[in-house]
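Undergrad: Mind folding the following:
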Amino acid sequence: MLKVMFLCTGNSCRSQMAEGLARHYGKGIIEPYSAGLMPVGINPNAVKVMKEIGIDISGQTSDPIDEDLLRQMDVIITLCGNAEAACPATPPEIRRLHWPIDDPVSVVGTDEEVLNAFRRARDEIKERILEFIKEIKGGDK
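TA: Numbers count the residues shown, from 1 in each chain. Down below sits the predicted model:
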């Protein structure tokens, strides 16, 4: 199984959604983890929009980057510029990917506008996860 770490600044929404999506769609293929530069707890809107597609991330935890755990990964995926720039150095055999996903937490508006920003982030991450899984499976043939 491929060990994958998703990183963002607060480990509150993008990396949490990525972990939940990877666990759901990558069952038996990906062992997902997530962490943040400055973990702030899971954003309730992330939990809400994930439940809309049948994935419960409410039991996940918002964690700081553990450099020992990071060095055990096969792939590290950063979801924001801050995480990409501040991610600790890792051995060259660990594959690094950067998926720049707009931060839904920064959206200001009505409750529905904010939720739509979370849905857009969720759907973009889901698309990238499914493409990543397809790539992994293709490499196993």
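Undergrad: for this structure, longest helix please?
TA: helix 111-140 (DSSP state H).
Undergrad: buried sites along it?
TA: By neighbour count on 16 or more other CB atoms under 10 Å, the buried set for helix 111-140 is 114-115, 117-119, 121-122, 124-126, 128-129, 132-133, 136. To be clear about C-beta, it is placed using only N, CA and C from the backbone, and glycine gets the same treatment.
Undergrad: got it, and stretch 68-81?
TA: Result for stretch 68-81 [16+ other CB under 10 Å]: buried residues Leu70, Met73, Val75, Ile76, Ile77, Thr78, Leu79, Cys80.
Undergrad: ok, which pair from these is furthest apart?
TA: Met73 and Cys80 (17.7 Å; CB to CB).
Undergrad: ok so, going back, can you spell out which helices and strands pack onto the longest helix of the chain?
TA: helix 14-25, helix 44-51 (3 or more CB pairs under 8 Å, 6 or more residues apart in numbering; DSSP states H and E).
Undergrad: try it again with 10 Å
TA: strand 2-8, helix 14-25, strand 30-36, helix 44-51, strand 75-78 (3 or more CB pairs under 10 Å, 6 or more residues apart in numbering; DSSP states H and E).
Undergrad: Relative to Lys48, which of the buried residues of stretch 68-81 is nearest.
TA: For these, the nearest to Lys48 is Leu79 (18.9 Å; CB to CB).
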